[in-house]
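S.K.: structure for the following, please:
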Amino acid sequence: MRKNIKLLLLVSLTFVACNNDDSSDNPAEVPVVPGSAVFTKYIALGDSFAAGYSDNALFKKGQEGSYTNIMAQQFVAAGGGAFTTPFMNDNLGGLLLGGNVVAATRLYFNGQAPVNVAGKPTTEVTTHLTGTFGNLGVPGAKSFHLIASGYGNVAGVASGAANPYFARFASSPSTTILADAVVQDPTFFSLFIGGNDVLAYATSGGIGKDQTGNMNPATYGSNDITDPAVFASVYSGLVTSLTAKGAKGVVANLPYITTLPYFTTVPFNPAPLTAALATQLNAGYAVYNGGLKQMVANKLLTQEEATRRTVNFIAGNNAVVVVDSYLTNLMAYGLPSYRQATKEDLIILSARTFIGTTVGGDAAKVNGLSVPLADNWVLTKDEIAEVKKATDAYNVTIKRIADEKGLAFVDTGAVMTQLSSGGVRFGNFTMSSTYVTGGAFSLDGVHPSARGYGLIANIFIDAINAKYGSTLRHVDLGIYPIQYPATIQ
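M.R.: Here you go, the predicted model:
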């Protein structure tokens, strides 16, 4: 049974080399002008997307292909100046702290599955980079981290009080990301932040807390959802500081992260069973199902919830069994909070290699079937609702402040919806959010591929042109790869 289940979960992947033959987006006869924008000193603030994080790592080639770096290159023709990046040492990715590996190397596809590139990282967190940097994108940063003093203090990295990526290039141990931006007197900025304020909660399967109503981020756990009021206060302060000396800029809202391949690749019903195996599993849940009926008879549970919680397998594809903390707690009566997943739930990407495995080699204990999936493997519909509610609130803030400050605005949510429902065409090709083969996302299922970053750069450029009357040109998406090979030259 395990073999059949795992075979069903394997993604059949075929790479197709695509070249974009559409060169008419920006006719050569149209001169490139900045319009009312001034690109002389461009500063980019954000998280892993701004940094160029891809394939579960930050590495030099990925940084070169970040949407921020691509934009800076397009700004040159309109008077843009130098744009500096705190490059990693290599294309392996990963980090060392005191010689110990604290972040793994990047992923690549070995023909069967995503695996880590062989080798030990060479980028040491304690080796500090000097100078100022235009790309202030910091992987892992939440909105309030951009104003957090000490977020780049090497001494706090081991405890999690500081960020290892920012610690490499922060101007001082006590500085903030925002301070390192405004001291450079930017004439133009980009700000794309807020995804991590809900992402860790989602990727952990909802192992965290919705902190709505708590205005003290210092008390938050690493997987918690940021209070929308905190986000609004921080975001307003960021934009006010960045525009204080007249700088123009572009900001972006947030897509629903639940549309990322990380949450949409593994189906809720990945378990093919024979009639005999279904009967065997049903026998194992007979006591549990009987207990639910008793709870209804004793008026301790509604029939509706009992039906939802009843576990029943059939011949054919079956939904996995999950633990759902939002169900009525019946542990006092010896009944755990089990139910089978539905299409309203999202199974996280890493579960694809876990579902169907056995506990301790015991064939009777199959994860996802006879052994329910713990909460960390599943984002339930209730948890999805929490993520959506927070994202909607953040986006209201972003749009309001963009309008108030007269900034260019990028609707990344609309683009992500398009990627996940039919795809985005360019030239004779289509890019979608389908895991690996869609071309828009890297192997970690969260961060863009090189081509995906090119798309982000183009939609940012569209917003800038529309707002400031610039005539910046698109980049040709066909020159960016869908995936990086094991060895990058």
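S.K.: is it true that I488 touches D90?
M.R.: No: assessed by Cβ atoms under 8 Å, I488 is found out of contact with D90, at 9.1 Å. No exception for glycine: its C-beta is placed from N, CA and C like everyone else's.
S.K.: need the residues touching each of the two.
M.R.: With contacts taken as Cβ atoms under 8 Å, 6 or more residues apart in numbering, the residues that reach both I488 and D90 are F59.
S.K.: could you give the mean pLDDT of the top helix by length along the chain?
M.R.: Ordering each helix of the chain by length in residues (DSSP state H) puts helix 381-405 first. Confidence over helix 381-405 (mean pLDDT, whole number) is 98.
S.K.: mind starting the numbering at 811 from now?
M.R.: Done: numbering now begins at 811, and the last item shifts to helix 1191-1215.
S.K.: mind giving me the packing neighbours of it?
M.R.: helix 1006-1013, helix 1038-1053, strand 1058-1062, strand 1218-1220 (3 or more Cβ pairs under 8 Å, 6 or more residues apart in numbering; DSSP states H and E).
S.K.: save these as a markdown table, and put in mean neighbour count too.
M.R.: Written out in a markdown table, the entries for the helices and strands packed on helix 1191-1215 read as follows (neighbours: other Cβ atoms under 10 Å):
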| stretch | mean neighbour count |
| --- | --- |
| helix 1006-1013 | 25 |
| helix 1038-1053 | 19 |
| strand 1058-1062 | 25 |
| strand 1218-1220 | 21 |
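S.K.: format those as CSV; extra columns: mean pLDDT and distance to D1134.
M.R.: Conversion of the helices and strands packed on helix 1191-1215 to CSV gives the following (pLDDT from 0 to 100; distance: least, Cβ to Cβ, whole Å):
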stretch, mean pLDDT, distance to D1134
helix 1006-1013, 98, 16
helix 1038-1053, 98, 25
strand 1058-1062, 98, 34
strand 1218-1220, 98, 36
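S.K.: indicate which one of these is closest to Q1021.
M.R.: Closest approach to Q1021 among those (Cβ to Cβ): helix 1038-1053, 7.8 Å.
S.K.: what comes into contact with the closest one?
M.R.: 853, 855, 953-954, 956-957, 988, 991-992, 996, 999, 1001, 1003-1004, 1007, 1021-1022, 1024-1025, 1027, 1059, 1061, 1200, 1203-1204, 1207-1208, 1211, 1215, 1217.
S.K.: now that helix, how far from the centre of its chain.
M.R.: Shown here is helix 1038-1053, whose average C-alpha point lies 22 Å from the average C-alpha point of the whole chain (Cα atoms, centre = their mean, to the nearest Å).
S.K.: now the strands: where do they sit in the stretch 1011-1160 of the chain?
M.R.: Along the stretch 1011-1160 of the chain, counting by DSSP state E, counting those that start in this stretch, strands occupy 1058-1062, 1081-1083, 1126-1128, 1131-1133, 1148-1150, 1156-1157.
S.K.: just the buried ones from the contacts of helix 1038-1053?
M.R.: The neighbour-count test (16 or more other Cβ atoms under 10 Å) applied to those identifies 853, 855, 953-954, 956-957, 988, 991-992, 996, 999, 1001, 1003-1004, 1007, 1021, 1024, 1027, 1059, 1061, 1200, 1203-1204, 1207-1208, 1211, 1217 as buried.
S.K.: for stretch 1009-1017, measure first residue to last.
M.R.: As for stretch 1009-1017, its first-to-last residue distance stands at 11 Å under the measure Cα to Cα, to the nearest Å.
S.K.: which one is P1077 nearest to, not counting chain neighbours?
M.R.: When the adjacent residues along the chain are set aside, P1077 lies closest to I1157, with 7.2 Å between them (Cβ to Cβ, 6 or more residues apart in numbering).
S.K.: surely that neighbour meets V1188?
M.R.: Yes: judged on Cβ under 8 Å, I1157 makes contact with V1188 at a distance of 5.8 Å.
S.K.: who has more neighbours, those two?
M.R.: Neighbour count, other Cβ atoms under 10 Å: between I1157 and V1188, I1157 has more, with 28 against 24.
S.K.: just grab the bridge partners of the more buried one for me.
M.R.: Here I1157 sits in beta bridges with V1076, V1188, as judged by DSSP bridges.
S.K.: ok, now how distant is it from D1020?
M.R.: To D1020, I1157 is 21 Å away according to Cβ to Cβ, to the nearest Å.
S.K.: wait, what's in contact with S982?
M.R.: When contacts are counted by Cβ under 8 Å, 6+ apart, S982 is found next to G962.
S.K.: any idea how far it lies from T936?
M.R.: Summarising the geometry, the distance separating S982 from T936, computed by Cβ to Cβ, is 15 Å.
S.K.: then K851?
M.R.: Counting by Cβ to Cβ, the gap from K851 to T936 is 30 Å.
S.K.: quick one: D990 and S984 touch, right?
M.R.: No: if you go by Cβ under 8 Å, D990 and S984 don't touch, sitting 11.3 Å apart.
S.K.: more neighbours: which of those two?
M.R.: Neighbours per residue (other Cβ under 10 Å) separate D990 from S984, with D990 holding more: 21 against 12.
S.K.: for that one, which non-adjacent residue is closest in space?
M.R.: Excluding the flanking residues, the one nearest D990 by Cβ to Cβ, 6+ apart is S981, at 5.2 Å.
S.K.: and for that neighbour, the neighbour number?
M.R.: Other residues near S981 number 16, with proximity taken as other Cβ under 10 Å.
S.K.: what does L1137 give?
M.R.: As a burial measure, the neighbour count of L1137 was computed by other Cβ under 10 Å and equals 18.
S.K.: same question for A1224.
M.R.: With neighbours defined by other Cβ under 10 Å, the count for A1224 comes to 12.
S.K.: distance check, it against I880.
M.R.: Counting by Cβ to Cβ, the gap from A1224 to I880 is 20 Å.
S.K.: what does E1193 give?
M.R.: Distance from E1193 to I880, by Cβ to Cβ: 34 Å.
S.K.: again with W1187
M.R.: As defined by Cβ to Cβ, W1187 lies at a distance of 36 Å from I880.
S.K.: same question, A914
M.R.: 26 Å.
S.K.: more neighbours: these two, which one.
M.R.: Relative neighbour count places I880 above the other of A914 and I880, with 23 against 15, counting by other Cβ under 10 Å.
S.K.: so the more buried one sits against A1267, correct?
M.R.: Yes: applying Cβ under 8 Å, one finds I880 in contact with A1267, separated by 3.9 Å.
S.K.: common neighbours of those two, please.
M.R.: Counting by Cβ under 8 Å, 6+ apart, the residues touching both I880 and A1267 are V1285.
S.K.: secondary structure class for G1004?
M.R.: Reducing the assignment to helix, strand or coil with DSSP: H, G, I helix; E, B strand; the rest coil, the entry for G1004 is coil.
S.K.: dump the residue contacts of it.
M.R.: The neighbourhood of G1004, defined by Cβ under 8 Å, 6+ apart, consists of 952-953, 1041, 1045, 1064, 1201, 1204, 1208.
S.K.: with that, I have no additional questions.
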